[in-house]
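Participant: sequence unavailable; structure follows:
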DNA sequence: TATTCGTGGCC
DNA sequence: TGGCCAAGAAT
């Protein structure tokens, strides 16, 4: 009997992956790899950036839309940044879209349209950090990089019953991943760890009976895998308030602006708003409207961001002339072409309930 | 090391 | 129903 080239845990996981891997639009399955197909580095990179802190189900339609609009990294590099932001609208964490464009430009201009094939080379590109550089190196280029995301942290913390809380325990967990990562099939190993975390070793009610690690898992031996991974307590979310102003002209156009490139919703499109402050009375009056008009209160929209909750009082008015010192007027029936984040779509819908329906209200 | 960055689904 | 979570990066 030949000696396995892998640690036994690694071999068990790869065997599980061969039978139970998920089919994903950017993935080349083990069977297709055996027929000689290779993962496309552009597809892997694009999917990995979209998947940062984002679920597979949310990413799928965006991934297919981007490939349709921009089939190669050179196409993406040549695209207007406004088009990229509009295509990304709704997916969140918009710095990813700005860095995606910068990264495509760097690959096109400095690497002749070919992605670097090492972890270090990838790590130097915009929007590519520790996780994404390792993931692309392993999945697209068969480099034995140690890939650790939230799924892997959960699997490893349970397998070894690591009690120290994240993020402090990250280096120790990374060492465990490195020891398990094989020279052969490192990309499949990384994807297998993440599939395992997504489908078996889930945060709540893990399906330990189906897990290839269930004979070795220390958390399972202790009868409480759900308590891992431990995490440091997070602080509570403050509430901020502000006002948003929806002006519609007689021609059926709405006043829009572009947010500055840095910070929250950077580079995205918005309706005029006040600053969002912690003051309880901020935003309840139309004092800071973009121009004098008969502003009517349309309602209050609540939106929860990562680190604060926003209560936005929405005002609306109809104008005869299209006054605008900064910004532009855009047809209400064509708002899908704009880079409007979800909170702005909520505000517009509060003022114009049918804005995003077929007839545009 | 700690904070800032979206959004939607889930129980 | 509200807290938790998702293939994290930049600063």
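Facilitator: Cool, the structure landed. Since the structure is predicted, the reported quantities are computational estimates derived from the model, not experimental observations.
Participant: residues in contact with the residue of chain A found nearest DNA strand C?
Facilitator: As assessed by CB to the nearest atom of the strand, DNA strand C sits closest to residue A:129 within chain A, at 2.6 Å. Where you see a C-beta, it was placed from the backbone N, CA and C, and this is true even at glycine. By CB atoms under 8 Å, 6 or more residues apart in numbering, residue A:129 lies in contact with residue A:123.
Participant: got phi/psi on it?
Facilitator: Residue A:129 adopts backbone torsions of phi -110, psi -160, taken as degrees, to the nearest 10.
Participant: quick check: it vs residue A:53, distance?
Facilitator: According to CB to CB, to the nearest Å, residue A:129 and residue A:53 sit 12 Å apart.
Participant: ok, now residue A:145?
Facilitator: Counting by CB to CB, the gap from residue A:145 to residue A:53 is 20 Å.
Participant: those two: who's more crowded?
Facilitator: Between residue A:145 and residue A:53, residue A:145 has the larger neighbour count (other CB atoms under 10 Å), namely 25 against 10.
Participant: what's the pLDDT at the closest residue to that one other than its chain neighbours?
Facilitator: Nearest residue to residue A:145, sequence neighbours excluded (CB to CB, 6 or more residues apart in numbering): residue A:134, at 3.8 Å. pLDDT recorded at residue A:134 is 98.
Participant: so who does residue A:190 touch?
Facilitator: A:134-135, A:138-139, A:145, A:147, A:152, A:181.
Participant: mind checking the backbone torsions on it?
Facilitator: Torsion angles, degrees, to the nearest 10, at residue A:190: phi -60, psi -50.
Participant: for residue A:339, see how far away the residue of chain A closest to DNA strand C is.
Facilitator: 24 Å.
Participant: what do you get for residue A:188?
Facilitator: 37 Å.
Participant: just residue A:196 next, same as before
Facilitator: 36 Å.
Participant: where does chain A dip in pLDDT?
Facilitator: Residue ranges of chain A with pLDDT under 70: A:1-5, A:280-282, A:358-361.
Participant: repeat the analysis, applying 50 as the threshold.
Facilitator: A:1-2 (pLDDT under 50).
Participant: quick check: residues of it near DNA strand B?
Facilitator: Residues of chain A lying close to DNA strand B (CB under 7 Å from any atom of the strand) are A:53-55, A:57-58, A:90-95, A:167-168, A:204, A:235, A:263-266, A:303-307, A:341-343.
Participant: let's go with 6 Å and repeat that
Facilitator: A:53-54, A:58, A:90, A:92-95, A:263-265, A:303-307, A:341-343 (CB under 6 Å from any atom of the strand).
Participant: filter these down to just the ones in strands.
Facilitator: Counting by DSSP state E, the part of the residues of chain A next to DNA strand B found in strands is A:303-304.
Participant: in chain A, which spans are helices?
Facilitator: Listed in chain order, the helices found in chain A under DSSP state H are A:8-20, A:30-34, A:41-50, A:56-69, A:73-78, A:81-88, A:95-110, A:119-123, A:130-141, A:150-159, A:170-180, A:186-199, A:218-221, A:342-351.
Participant: list the buried residues of the shortest one.
Facilitator: If I follow you right, that is helix A:218-221. Across helix A:218-221, burial judged by 16 or more other CB atoms under 10 Å covers A:219-220.
Participant: also the second one?
Facilitator: Under the neighbour-count criterion of 16+ other CB under 10 Å, helix A:30-34 has residue A:30 buried.
Participant: then stretch A:298-313?
Facilitator: A:298, A:301, A:310-313.
Participant: closest to residue A:208 among the residues you listed?
Facilitator: Ranked by distance to residue A:208 (CB to CB), those are led by residue A:310 at 40.1 Å.
Participant: quick one: contacts for the closest one?
Facilitator: By CB under 8 Å, 6+ apart, the contact set of residue A:310 is A:239-242, A:276, A:302-304, A:343.
Participant: let's have the residues you listed in CSV, adding distance to residue A:67.
Facilitator: Shown next, in CSV, are the contacts of residue A:310 (distance: CB to CB, whole Å):
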residue, distance to residue A:67
A:239, 40
A:240, 37
A:241, 40
A:242, 37
A:276, 35
A:302, 35
A:303, 30
A:304, 31
A:343, 27
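Participant: and which of the residues you listed is nearest to DNA strand B?
Facilitator: residue A:343 (4.2 Å).
Participant: roughly how far does the residue nearest to the closest one when sequence neighbours are not counted sit from residue A:352?
Facilitator: Leaving aside its sequence neighbours, residue A:343 sits nearest to residue A:303 (CB to CB, 6+ apart; 4.3 Å). Here residue A:303 is placed at a distance of 17 Å from residue A:352 (CB to CB).
Participant: and what of residue A:7?
Facilitator: Distance of residue A:7 to residue A:352, computed by CB to CB: 60 Å.
Participant: who's more crowded, the two?
Facilitator: Set side by side, residue A:7 and residue A:352 show more neighbours around residue A:352, with 20 against 13, by other CB under 10 Å.
Participant: surely that one touches residue A:253?
Facilitator: No. Counting by CB atoms under 8 Å, residue A:352 sits too far from residue A:253 to count as a contact (11.7 Å).
Participant: between these two, which contacts overlap?
Facilitator: Counting by CB under 8 Å, 6+ apart, the residues touching both residue A:352 and residue A:253 are residue A:332.
Participant: how close does the one residue in the stretch 51-200 of chain A that gets nearest to DNA strand B get to residue A:170?
Facilitator: Nearest residue of the stretch 51-200 of chain A to DNA strand B, counting by CB to the nearest atom of the strand: residue A:92, 2.6 Å away. Distance from residue A:92 to residue A:170, counting by CB to CB: 23 Å.
Participant: residue A:139: what's it in contact with?
Facilitator: A:39, A:44, A:48, A:187, A:190-191.
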